[in-house]
Each structure stands twice: as structure tokens, then as C-alpha cells.
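Enquirer: kindly return the folded structure for what I paste below:
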Amino acid sequence: TGSMIYIWLAILIATCRGDLHSSLESFVFRNSGTVRSSDVYEGVSQCSLYTEPQNISAINYAWASSTFEYLWQRNTSVTTNDCKPESMMSNTDLPANDYFNFITPTADPSMCQAACCKDPRCQAWVSGIAPAPFLNCRQGEPCCYLKEMKTFPVGHAGLTAGFVDRPDYYMAPPTGMRSAIPLGGLGSGSFEIRADGSFKEWIIENQSPAGSAKFGTVDDAILGIWTSTSGARMLRTHPPASDGVAYPEIKQMTYSGAFPTSKWIIQDERIPIKASLYAFPNLDFGNSTESAAPAVVFALNVLNPSPSDIDVSLMLSLPIGIQKDSSRATGVSSQHGARSHLSDSADDCASDCGQLSKCQAWTFSGSNLCTLYEGAVPLSLYEFGSASGVKGYWSNNENTLTANRPGNSPASGNISIHGSKFDATYSTSFGTAPSLQQIWSTFSKNGKLNASVSEAPENTHGAVSVMTRLTGGQSKTIVITLGWFFPERNHLDEIVGNFYSNLFRDSVHVVDHVSKRVDKIVDDHVIVQNLFLENSWPEYLQDYTLNSISHLRNAIWTRDGRWRQWEAYDCNDIDSVHNDLQRELPYALFFHDLEMNKMHAWYQHPMHVM
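Expert: Model (predicted):
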């Protein structure tokens, strides 16, 4: 059956090919969320219902904790967030709709009422001696149950319940702000770009619950657009607060996601063209090996509605040499050869590492302490206010800029940005600099970068720009491909490697391969999405079924060919059967060889699958 699906897909794709611009426009989506530059978003501290901190090491504790900040949109028409509890109801229960519960020191219902008021999600609560064990509550102990909906009260001796009234101070943010389509190859790591254009959940550098902590936000990673009639704007509704610079924003973007593709419609009357951005990985449904390519394609569809010529540029800039809110100062031992001194800034600390031949990585703390590591590169840890980096240098060829990190640690490898030149009207330029401000200043002048690629390690930012000219009424697509190559994946203290290191020599090889397949990738994705979205199912079921395949993001594909999955990123259990039963659809349809891989492991090692 699987083979017949692949043959059918091949026939459909062969008969449905068109030009890249029209193929991209033919993508179908069943969701959308519009973000405006005037929107206000806040992270509100909330309790989490299900994490397993006993499975999370100190190094990786960024993955889970008992509380977390959950993103909400401010209702700016409401000026107060005062919570008004209604009268308590004695001997009353409010069944169902629990989202969190916890043991309280006493059965005093006012403690539970106060907890409900502090959480914008809470609409009702129940307090009392737990009549039965349920989640965090144990039978016979005082417990508080928080509810996300108001339900009809029922009598229950010994329990006290209540509702809270609160203004709509917070509301759920638009689709794509709390999560977005994960972008990356099978078992190769991924990241998200949210509806506002921000880069999130960065795990392409071998981050995992058994390794370094993820980069939750890579704020200085940006896409930019420039036109000859309107200048440059970041493809962000809320640009980064970097270097104290007020970067020009996009007024409004509408995001849609249909696995494995994200789309942003750019809506700003100050830009004289119609533009939509697409991002997608090199997934080849039915071909797991091809789908392992560690790469993401960015494709900007542009249309010039005016009668005059307009030059347009797309730029991708990445802070490969520096990561904010990150530290390498954990798990450090004699093998890391750490030495510390005072420094004025993270840039100076990176420069100090560059001038020391043995230095491999660095951390700059909020106390102006610069720590240099001369041996093995320590794993990364989330640490607010700090910054860290791994020593490297930039190089380039005709169309590709590459950040190189020598060594054999999990963070060693390279990242390449490739600009596609479809014909003589396209041109590519490069730039490296110590800061995003310098990159942006150069790009803003004429849509090009300075063509200067320096190996100096203090140049922590690198960018590629692709420019083309649109005649009146003309449409085109600008393509930039991002590829990475970090072959030494670790699982705790063991190097297990990445499967893609069997397929590619380095990240230059990756982007060269993937950039030549962009038309085929898009056509494949359109056909597969149509299987899920162009049918008689209800729209919610179409959307849910297709996007549920995104669980593939938490997979591991080791160099020796083992395919495994984390139970979740808050839990380092591997391939529990009760979870894998929920993940069968994409394997049965498209990647049955990977399912056989896991089943073989279960057969050989029923209690231990790594």
C-alpha cells in the first residue's frame, strides 16, 4: 500500500509542475493568524500541569520547570486586570475542565481562590480534601483544582468552589504566535519562525534533553526586505531590541501553517510590491534519506503592481557567533581549561576568545565576567542576561556564506546561507560584522551587503542578500537556502552522531544539493498537502491531521542508522510504546522504513531502546 501511495504521488507531481511562483501560490492552508505591529504581547507566569523534572538534568533544565511563561495578547482597550472573585459556594464541586491542581498547606479555600485570580487562564476553582487521587493531588490531603471553564455546580460535601470574574485583559494570541511549523529535516534539528517573524525553538546545533539546552529565542536572527522605492524593513512586526536601535518593522503579517510549510503575507502600504514569504524543509515524502537533509528554504514571492521597474532584495542575517541568554558555564571541568577576566561587553569577550589560539568557546555574564574555555566546548545552558558563543570564522564562495566552527564537539560544524541566482537579473552579496546594527546599516543603503567576509571571530553576525529587478507587472521568486552540518550529536556522555553526516560532507554540500531541488520540493509538498486538505473532512480535522505530523521534530537519527524519538522535549524517555501508538500516521503513509527501524529496536531491546 505504501509503495502504491508513492507511485501515485509521483504521477500527480509529474503532471502538476508549474513555475515556482505559481506553485508556491497554490499551497492550501486551513488556519491563519494576523499580527500587527501595534499588538502588545506578554509572557505571563503560569503553572504547568505535566512536566517531568526528575528526567531533566541541571544542564538541560531549560526544557521544563513547574512554572513557565505563557504568551498572551494584551487587550489594550481594557486598562485593569483586577480579578473579582464571586461568593464561595460551600459543599459544592465544579466537575471537569481541570488544567492544573496542587496540594495546599491547609484546606483554606482562600488560598485556592487567590491562585485562580493570579492565572489569566483560570475561570473557576475547587478546594478541599481530595476525595480521590488525581494528577498532583493525593487522596485525603488538601488540594486546589483550577478550572479553565465555568461549569454547572453540583453538591459535594466538604468541598468549596467559586468562580472569578475578570476583564478580558488578556486574550489568546493569533495563530502562529505560541507555536509554528517546525522547520528542519528528519532527525536533523529544527527551528520555528513565529507569526511575527521571530526565530524560536532553535535546536539545529544538537540541542536536546540529553544535551545542550535549546535556544528558545534567537532574537537577532532576521529576514529583511528592501525595495528601491521604499528602502529596507525587517520582516518582523516587533523587531529585536538590539543595540538600542529602533529597526523599521512591518505593519502587519498574516501567518498560516500547513506541515511542512509556513507562509507569511506581508501587508504594509509603505512597501510598493505584493509579497509573501514561504519557509519549508527538504522533506521528500516517501524518501526518508532525502528528507534528512539539514536545511530550510526561504522563498519570497514578489509582484510589482506598478508600471515602473523596482529592485527588490531579500536578506537573511544570523548571529551564529553569539547567543544571548545563554551560558557555557555549566558542567565545566578541568577538560574545559576555563579562565576568567573582566570585560566590557559580550563582543569584547568574543574578541578575547578569538585572540587566544587555544580558546574554543566563551561566556559573558551579567557581572561583566568573561570566561574563556580552552579545551572541550561546554554544553549550553539557558541563563537570562548572559551571552555565549563558540569560536569560529566565516568563509564564502560565489553564492554561499559559511560559518565554520572547528573541532569535534556537539557544537562544532558549520552553517551555510546560499542565495539562488536563477538568471542574470539576480545578484548575491555577503557581509559579516560584530553586530546586527552594522549588518542592517549596510543592507539599508542599497539592498546589498558589503561583500566583505572577514575571518575575525568578533564578527559574530553573517548575512546573505539576493537582489532582482521587477519590471512593471512582473512577478518573481527570491530564494535563500539555509543549511547546517553538526555531525557530532551527543546523547548524554556518548557521541552518537547524526545520520545526515553519512549523506553530506558539510553545510556547503547541503545547500548546494537542496537549492537545486526547490521546484521539486514545492511540488511534492503541494501534492501531499492536497491529500489532507482537499477532501470532504471538516476543516478542523484536515488542519489537525496534517499538522499532527509535526511531531517528527523530536526525532533522533544516529550516524549508525538508529531512528528514535523523545517522548517529549520535557522528558528524556525514548520511544515509549504508548506514545508511539499516537504517531503512526506519517510513518504508515510516508516513512515506513523508519517505523520498521523502531519496531526492530523494540523487538531486540524491549526495556531499553537507545
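Enquirer: mind listing the helices for the stretch 1-150 of the chain?
Expert: Listed in chain order, the helices of the stretch 1-150 of the chain (DSSP state H, counting those that start in this stretch) span residues 2-16, 20-25, 109-118.
Enquirer: quick one: the strands in the stretch 201-350 of the chain?
Expert: 215-218, 222-227, 231-234, 252-258, 261-267, 274-281, 295-303, 310-318, 323-327, 338-342 (DSSP state E, counting those that start in this stretch).
Enquirer: against Ser208, how distant is Arg564?
Expert: Distance, Arg564 to Ser208, using C-beta to C-beta, to the nearest Å: 11 Å. (C-beta placed from N, C-alpha, C; glycine too.)
Enquirer: any common contacting residues for those two?
Expert: Ile556 (C-beta atoms under 8 Å, 6 or more residues apart in numbering).
Enquirer: turn the strands of the stretch 201-350 of the chain into TSV, columns for distance to Thr442 and mean neighbour count.
Expert: Formatted as TSV, the strands of the stretch 201-350 of the chain follow (distance: least, C-beta to C-beta, whole Å; neighbours: other C-beta atoms under 10 Å):
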stretch	distance to Thr442	mean neighbour count
strand 215-218	21	19
strand 222-227	11	24
strand 231-234	10	20
strand 252-258	24	24
strand 261-267	22	22
strand 274-281	22	22
strand 295-303	20	24
strand 310-318	10	24
strand 323-327	22	22
strand 338-342	32	13
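Enquirer: nearest to Gly497 among the ones you listed would be which one?
Expert: Ranking those by proximity to Gly497 (C-beta to C-beta) places strand 295-303 first, at 18.2 Å.
Enquirer: and that closest one, what does it pack against?
Expert: The contact analysis (3 or more C-beta pairs under 8 Å, 6 or more residues apart in numbering; DSSP states H and E) places strand 295-303 against helix 20-25, strand 274-281, strand 310-318, strand 475-485, helix 507-515, helix 518-533.
Enquirer: as CSV, the ones you listed with distance to Val377 would be great.
Expert: Below are the helices and strands packed on strand 295-303 laid out as CSV (distance: least, C-beta to C-beta, whole Å):
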stretch, distance to Val377
helix 20-25, 39
strand 274-281, 27
strand 310-318, 19
strand 475-485, 16
helix 507-515, 18
helix 518-533, 33
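Enquirer: turn the ones you listed into a markdown table, including mean pLDDT and distance to Ser343.
Expert: Shown next, in a markdown table, are those (pLDDT from 0 to 100; distance: least, C-beta to C-beta, whole Å):
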| stretch | mean pLDDT | distance to Ser343 |
| --- | --- | --- |
| helix 20-25 | 96 | 46 |
| strand 274-281 | 98 | 36 |
| strand 310-318 | 97 | 23 |
| strand 475-485 | 98 | 29 |
| helix 507-515 | 98 | 30 |
| helix 518-533 | 93 | 43 |
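Enquirer: would you single out the least confident of the helices of the stretch 1-150 of the chain?
Expert: Set side by side, the helices of the stretch 1-150 of the chain give their lowest mean pLDDT on helix 2-16, at a mean of 47.
Enquirer: secondary structure class for the residue nearest to Asp243 when sequence neighbours are not counted?
Expert: Residue nearest to Asp243 in three dimensions, not counting chain neighbours: Gln437, with 4.3 Å by C-beta to C-beta, 6 or more residues apart in numbering. Classification of Gln437 by DSSP: H, G, I helix; E, B strand; the rest coil places it in helix.
Enquirer: which helix or strand contains the residue lying farthest from the centre of the chain?
Expert: In the chain, counting by C-alpha atoms, centre = their mean, Ala157 sits farthest out from the average C-alpha position, at 47.5 Å. Following DSSP states H and E, one finds Ala157 within strand 154-165.
Enquirer: who wins for proximity to His592 among the strands of the stretch 201-350 of the chain?
Expert: strand 274-281 (19.8 Å).
Enquirer: in its sheet, what does the closest one sit against?
Expert: Strand pairing for strand 274-281, using DSSP bridges, gives strand 261-267 (antiparallel), strand 295-303 (antiparallel).
Enquirer: any idea of the mean pLDDT for the last one?
Expert: Across strand 295-303, the average pLDDT comes to 98.
Enquirer: what angle sits between that strand and helix 507-515?
Expert: 50 degrees (axes from the mean of the first three to the mean of the last three C-alpha atoms, to 10 degrees).
Enquirer: off-centre distance for strand 295-303?
Expert: Counting by C-alpha atoms, centre = their mean, to the nearest Å, strand 295-303 is centred 18 Å from the centre of its parent chain.
Enquirer: Ala403 is nearest to which of the helices and strands packed on strand 295-303?
Expert: Of all those, strand 310-318 sits nearest to Ala403, with 7.7 Å by C-beta to C-beta.
Enquirer: which elements pack onto the closest one?
Expert: Contacts defined by 3+ C-beta pairs under 8 Å, 6+ apart place strand 310-318 against strand 222-227, strand 295-303, strand 413-419, helix 436-446, strand 461-470, strand 475-485.
Enquirer: Glu290: what's it in contact with?
Expert: Contacts of Glu290 by C-beta under 8 Å, 6+ apart are 282, 284.
Enquirer: confirm for me that Arg564 is in contact with Ala601.
Expert: Yes: between Arg564 and Ala601 there is a contact at 7.4 Å, judged by C-beta atoms under 8 Å.
Enquirer: how about low-confidence regions in the stretch 201-350 of the chain?
Expert: 329-336 (pLDDT under 70).
Enquirer: next one: phi and psi at the nearest residue to Ser327 once chain neighbours are set aside?
Expert: With sequence-adjacent residues excluded and distances taken as C-beta to C-beta, 6+ apart, Ser327 is closest to Glu383, at 3.8 Å. For Glu383, the backbone dihedrals are phi -150, psi 100 (criterion: degrees, to the nearest 10).
Enquirer: Glu383: how many residues sit nearby?
Expert: Counted with other C-beta atoms under 10 Å, the neighbours of Glu383 add up to 20.
Enquirer: now do the one 4 residues further on
Expert: Neighbour count for Ala387, taken as other C-beta under 10 Å: 24.
Enquirer: kindly report the same for Gly366.
Expert: Applying other C-beta under 10 Å, we find 10 residues neighbouring Gly366.
Enquirer: pLDDT at it, what is it?
Expert: On pLDDT, Gly366 comes in at 78.
Enquirer: residue contacts, it?
Expert: Contacts were defined as C-beta under 8 Å, 6+ apart; by that measure Gly366 touches 385-386.
Enquirer: against Gly162, how distant is it?
Expert: From Gly366 across to Gly162, the span is 42 Å (C-beta to C-beta).
Enquirer: which pLDDT does the model give the residue sitting nearest the centre point of the chain?
Expert: Per C-alpha atoms, centre = their mean, the C-alpha nearest to the average position across the chain is that of Glu192, at 2.6 Å. If you check Glu192, the pLDDT there is 97.
Enquirer: need phi/psi at it.
Expert: Torsion angles at Glu192 (phi, psi; degrees, to the nearest 10) stand at phi -120, psi 150.
Enquirer: give me the pLDDT value at the residue nearest to Asn498 when sequence neighbours are not counted.
Expert: Spatially, and ignoring its direct neighbours in sequence, Asn498 is nearest to Arg489 (4.8 Å; C-beta to C-beta, 6+ apart). On pLDDT, Arg489 comes in at 96.
Enquirer: thought Arg489 was touching Pro410?
Expert: Yes: using C-beta under 8 Å, Arg489 is in contact with Pro410, at 6.2 Å.
Enquirer: no further questions, thank you.
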